[in-house]
Every structure is written in C-alpha cells, then in structure tokens.
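>>> test case, fold it:
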Amino acid sequence: MSTGTFPWLKGHGTENDFILLPDPDGSLHGDLDPAVVRFLCDRYAGLGADGVLRIIEGSKQSYVEDGGDWFMDYRNADGSVAEMCGNGIRVFVRYLVEAGLAGDKPVRVGTRAGVKDVVLNDDGTITADMGEPAFPGPAGIVVDANGHQWPALHVNMGNPHAVAFVDDLTEPGPLLDQPGWTPAEAFPEGANVEFVVRKGPHEVAMRVHERGAGETRSCGTGTCAVAVASARAAHQSAPVTYRVEVLGGAVTVTWREDNHLELTGPAVVHARGEFDRAWLPR
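Here you go, the predicted structure:
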C-alpha cells in the first residue's frame, strides 16, 4: 500500500450521495480495490456514500472503447462495478464545471453503458441524455418484499431495473434486504427494484433498493425506468414528461420522440478533503 494522501470530494443528486476521486490520468487509484470502495462508502468508519465516482480523462481510461471527454468509473457502495448512474453523472459534471474542466457545450461523459451527453442549464440544474430504454422481459416477472408480491416490468437503462406499482410506498417495508424476484433468471446480474405510486397523470413517487447499495434516497436511472414504465402503463406515447418524487427530492424525466430519455435535476458538490492512505484497509 503506497503512502501519502489523495484528494476526495463529496456530492449528491437528490440526496443520492457519492465520493468523487479525481484521477485524470488513471494512475492514482489503479483499478479500484472493492475493499477500498467499501471502506470509503462506510458511513461509520469511512466517508460515507452510496457509491464512488472516479474521474478519468476519456483518453486515459481502458475500460471502454469510447471514454468520452471524461470517463465516469462508477462503483457501488459494496465495491461492485455499475454500468451507469443518473444522479452520479450529474454530480460528476457539476464537479467538472466547478473545476473549470467543462465548457458551455455538452460534456461527453463515458460510462460502461456508453457515452452520455450532459449539459448545465441556466437555472443550475443538469440534464443528462440517458439514452434509449429497453424492455428485455421476460413477461410475468414478480417481485417480493415484506411478505407482499407485485408484477414488475424489466426496464434496462444500461443497468437493470424491475419496476413495480404499489398502492402505498410503505408496503415494501424497510428495504434493508434485496427484494426477491421470479423467475430468478430474469436478472442474472442482480437488479435495482423500484416501487411506485401514481400521483397524477404525469407525476409519480417511488422508493428504490439499489443493487449493491441498499435503499437509497434516489436513483437516477431508476427515475427514468419508472417514468417510462408509468407512461407505458397509462398508454401514453412520447413525447411525455414525468415529475418523479424520490425520498431526497424530485427530478423530471422526458421521454423524447427519438426514444431517448432526458433526466433533469439538481446536483451539488458540498465537501472536499485529503484522505491518508494509512487509514485504508490493508
């Protein structure tokens, strides 16, 4: 284990919080050790977060073919790798803007789910083009939590989601554990599970258990999955915009005519410091 310190920042998008590790040339942290990620995200022993965002110049990363202008190397709180994070990508770009690393044009952010165009709006919110939703199936998926079962729709936003409509958001219980699903083979790599109530023609509220993180205050890709699932359930076609309430606030999701989903919401970077490598697990 090398000695010395490394810089970190902390930010959140609708209270879905992240540790940011600036690593422009990809040499500072190598391939992030899952044990280090778990330690940093620990809310008692570490810094505390739902995940880690490593910031690498797109041309300096080796994970994907097109790393964009900047590559978002995202890790869940349990140390596992995730393909995409909608709240994280807004926090990621907030950092780039405040650090003077992004201009007025859209920032091309590379992810394991492809390159996403992200823009800073005049009102301070950030909009990310989240790409096209997919509906891989199979039909007949059922999720279960707290002794209840609900039919669910598989929506893939670069990462897998199971969206279930419930009568009351308290029904799934505390969501301390991963909800179950059948058939088991529907999500061979796990799933983010969203529970949704409809509040109006274009407004819903949700809770989410995120794969690798547990229940979080918000999930950006999850809000997109919920918006498109809600539109389909209401027999609405694009273009359509939904307001999605999460425990940490609200975002808007627009399903455009070109089948892309746009996610718009707040993002802040609110803390920074230096971490002593001697404190990391050995």
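
>>> what's the span of stretch 126-135, first residue to last?
End-to-end distance for stretch 126-135, by Cα to Cα, to the nearest Å: 26 Å.

>>> can you list the buried residues in that stretch?
For stretch 126-135, the neighbour count (16 or more other Cβ atoms under 10 Å) marks 126-133 as buried. Glycine gets a C-beta too; all of them are placed from N, C-alpha and C.

>>> distance to residue 220, secondary structure and pLDDT added to these, as JSON lines?
Below are those laid out as JSON lines (distance: Cβ to Cβ, whole Å; DSSP: H, G, I helix; E, B strand; the rest coil; pLDDT from 0 to 100):
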{"residue": "126", "distance to residue 220": "10", "secondary structure": "strand", "pLDDT": "98"}
{"residue": "127", "distance to residue 220": "11", "secondary structure": "strand", "pLDDT": "98"}
{"residue": "128", "distance to residue 220": "8", "secondary structure": "strand", "pLDDT": "98"}
{"residue": "129", "distance to residue 220": "12", "secondary structure": "strand", "pLDDT": "98"}
{"residue": "130", "distance to residue 220": "8", "secondary structure": "coil", "pLDDT": "97"}
{"residue": "131", "distance to residue 220": "12", "secondary structure": "coil", "pLDDT": "96"}
{"residue": "132", "distance to residue 220": "16", "secondary structure": "coil", "pLDDT": "97"}
{"residue": "133", "distance to residue 220": "13", "secondary structure": "coil", "pLDDT": "97"}
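
>>> redo these as a markdown table? Include distance to residue 147.
Shown next, in a markdown table, are the buried residues of stretch 126-135 (distance: Cβ to Cβ, whole Å):
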| residue | distance to residue 147 |
| --- | --- |
| 126 | 39 |
| 127 | 39 |
| 128 | 36 |
| 129 | 39 |
| 130 | 33 |
| 131 | 36 |
| 132 | 36 |
| 133 | 30 |
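
>>> could you give the average pLDDT over stretch 223-243?
In this model, stretch 223-243 has a mean pLDDT of 97.

>>> scratch that, stretch 182-198 is what I was asking about
96.

>>> span of that stretch from start to end?
Start-to-end, stretch 182-198 (Cα to Cα) is 24 Å.

>>> run the chain-centre distance for that stretch.
15 Å (Cα atoms, centre = their mean, to the nearest Å).

>>> related to what we said a few turns ago, from the buried residues of stretch 126-135, which single one is nearest residue 14?
residue 126 (11.4 Å; Cβ to Cβ).

>>> helix or strand for the nearest residue to that closest one once chain neighbours are set aside, just tell me which one.
Spatial nearest neighbour of residue 126, excluding adjacent residues (Cβ to Cβ, 6 or more residues apart in numbering): residue 90 at 4.2 Å. Element membership of residue 90, judged by DSSP states H and E, is helix 86-98.

>>> dump that helix to PDB, keeping only the CA atoms.
Output of helix 86-98 as PDB, limited to C-alpha atoms (Å, rounded to 0.1, in the frame of the first residue of the first chain):
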ATOM      1  CA  GLY A  86     -28.100   9.000 -13.400                       C
ATOM      2  CA  ASN A  87     -27.600  11.000 -10.200                       C
ATOM      3  CA  GLY A  88     -23.900  10.300 -10.200                       C
ATOM      4  CA  ILE A  89     -23.400  11.600 -13.700                       C
ATOM      5  CA  ARG A  90     -25.000  14.900 -12.800                       C
ATOM      6  CA  VAL A  91     -22.700  15.300  -9.700                       C
ATOM      7  CA  PHE A  92     -19.800  14.200 -11.900                       C
ATOM      8  CA  VAL A  93     -20.500  17.100 -14.400                       C
ATOM      9  CA  ARG A  94     -21.100  19.500 -11.500                       C
ATOM     10  CA  TYR A  95     -17.600  18.800 -10.400                       C
ATOM     11  CA  LEU A  96     -16.100  19.200 -13.900                       C
ATOM     12  CA  VAL A  97     -17.900  22.600 -14.300                       C
ATOM     13  CA  GLU A  98     -16.800  23.900 -10.900                       C
END
